[in-house]
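S.K.: sequence first, predicted model second:
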Amino acid sequence: MPRSGRWRSWLRRAAIVIATVLIVFVSAGIAIMQATPSVGNARSLARAQAALHHSAFPGPSVPGRFATALISTEDHRFAAEPGIDPIAIARVLLARVTGGGDQGGATLYQQLAKLLYTPGRAGIAVEVEQIALAIKLKFSYTGTQILRMYSDVVYFGHGFYGLAAASCGYFGRPAGRLSWAQAALLAGLVQAPSAYDPLVFPDRARARERHVLARLVATGALSARQAAAAMAVPMRRLLAGSGRGCGRPGRVRPAAPVARGNPDPHRLDDTSTEPVASDPADGD
């Protein structure tokens, strides 16, 4: 057979194999999407979790500084991705095949799916379910709604569930008044809230805050000068309002924090009645 004929034959066989693989993957994807539940009840599940942890729902609107810090650190493709990050998923799969460490890669949509639909469950099948749920969440809710549900139910360590409780509990100020330093500190906690608890492990929390501020610089949200000013704020000053709360007693009741040295079960991956001293990082 002439060489050109052999090439055509090889290309034909390759095209058939590729088409077959694509059909299998598409069929599997459709089956998984059909097998996973609807996400129309996401807000109801978030409300139930908030009630379980004695936190307000819905909480206040997610302030820009916290939202920017969270997205820059946890999911910088949040606005454009289809609920999942194919690049990050490919990186995770490659790491597992080659025996590499945990590469992360869960988007905020996947994290919210885990919080609402698969809490306490693990394994490859669960991760696949979370991927399908994340895609459904993306096309069922706006980005603002996703961020608000996430911020209302995620754990921030020291018994604080939800952004409102964490901001009042750690800093004694409502979330809308967070400085860049405080927003970065809180955004850094969601990855491993008990391990980074600033009241128990201040050095770890400070290192995590530094990472978040570096991500804010890398994504263009902050200048290097602004990040340096935020890092210059002593931890004791950031936490000066800890335990003071934001008024409205009884609205937020923190659960018992995880004891020092225990595994972190939460790992992922109001108006203040007292004046709060201005923060050098409060400026634009």
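M.R.: Yep, it's here.
S.K.: so where's the stretch 51-200 of the chain shaky on pLDDT?
M.R.: Residues of the stretch 51-200 of the chain that meet the criterion pLDDT under 70 lie in 95-104.
S.K.: can you give me the helices in it?
M.R.: All helices of the stretch 51-200 of the chain, identified by DSSP state H, counting those that start in this stretch, fall at 64-74, 86-98, 108-117, 124-138, 143-153, 163-171, 180-189.
S.K.: how about those helices in CSV, adding distance to L239 and mean neighbour count?
M.R.: C-betas here are computed from N, CA, C, even on glycine. CSV is the format used below for the helices of the stretch 51-200 of the chain (distance: least, Cβ to Cβ, whole Å; neighbours: other Cβ atoms under 10 Å):
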stretch, distance to L239, mean neighbour count
helix 64-74, 17, 22
helix 86-98, 33, 13
helix 108-117, 25, 24
helix 124-138, 33, 20
helix 143-153, 20, 21
helix 163-171, 6, 28
helix 180-189, 9, 28
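S.K.: looking at those, which is closest to A240?
M.R.: helix 163-171 (7.8 Å; Cβ to Cβ).
S.K.: for that closest one, packing partners?
M.R.: Helices and strands touching helix 163-171, by 3 or more Cβ pairs under 8 Å, 6 or more residues apart in numbering; DSSP states H and E, are helix 143-153, helix 180-189.
S.K.: I'd like the next helix or strand past the shortest one.
M.R.: Read in the C-terminal direction, the helix or strand following helix 180-189 is helix 202-218, with elements assigned using DSSP states H and E.
S.K.: give me the angle between that following helix and helix 64-74.
M.R.: 90 degrees (axes from the mean of the first three to the mean of the last three Cα atoms, to 10 degrees).
S.K.: could you export stretch 56-69 as PDB, CA atoms only?
M.R.: Presented in PDB, the C-alpha positions along stretch 56-69 are these (Å, rounded to 0.1, in the frame of the first residue of the first chain):
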ATOM      1  CA  ALA A  56     -27.600  34.800  60.600                       C
ATOM      2  CA  PHE A  57     -29.200  33.900  57.200                       C
ATOM      3  CA  PRO A  58     -29.100  35.600  54.900                       C
ATOM      4  CA  GLY A  59     -26.100  37.400  56.200                       C
ATOM      5  CA  PRO A  60     -25.100  40.900  55.100                       C
ATOM      6  CA  SER A  61     -23.900  41.500  51.500                       C
ATOM      7  CA  VAL A  62     -20.400  40.200  50.900                       C
ATOM      8  CA  PRO A  63     -18.100  43.300  51.000                       C
ATOM      9  CA  GLY A  64     -15.800  43.900  48.100                       C
ATOM     10  CA  ARG A  65     -12.500  43.500  50.000                       C
ATOM     11  CA  PHE A  66     -13.400  40.100  51.300                       C
ATOM     12  CA  ALA A  67     -14.900  38.900  48.000                       C
ATOM     13  CA  THR A  68     -11.700  40.100  46.100                       C
ATOM     14  CA  ALA A  69      -9.400  38.400  48.600                       C
END
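S.K.: now do the contacts for the nearest residue to R148 once chain neighbours are set aside.
M.R.: Once flanking residues are discounted, R148 sits nearest to V62: 5.5 Å by Cβ to Cβ, 6 or more residues apart in numbering. Contacts for V62 (Cβ atoms under 8 Å, 6 or more residues apart in numbering) come out as 144, 147-148, 151, 163, 175.
S.K.: can you redo the helices and strands packed on helix 163-171 as JSON lines with distance to L238?
M.R.: Shown next, in JSON lines, are those (distance: least, Cβ to Cβ, whole Å):
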{"stretch": "helix 143-153", "distance to L238": "19"}
{"stretch": "helix 180-189", "distance to L238": "6"}
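S.K.: which one, of those, ends up nearest to A230?
M.R.: Nearest of those (Cβ to Cβ): helix 180-189, 4.0 Å.
S.K.: who touches that closest one?
M.R.: 63, 65-66, 68-70, 72-74, 156-157, 163, 166-167, 170-171, 173, 178, 196-198, 205, 208-209, 211-213, 216, 222, 226-227, 230-231, 233, 238, 279, 281-282.
S.K.: then it to CSV, C-alphas only?
M.R.: Provided in CSV are the C-alpha atoms of helix 180-189 (Å, rounded to 0.1, in the frame of the first residue of the first chain):
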residue,chain,number,x,y,z
TRP,A,180,-7.6,44.8,53.6
ALA,A,181,-5.5,43.1,56.3
GLN,A,182,-8.6,41.7,58.0
ALA,A,183,-10.2,40.6,54.8
ALA,A,184,-7.0,38.8,53.8
LEU,A,185,-6.8,37.1,57.1
LEU,A,186,-10.4,35.8,56.9
ALA,A,187,-10.1,34.8,53.2
GLY,A,188,-7.0,32.7,54.2
LEU,A,189,-8.9,30.8,56.9
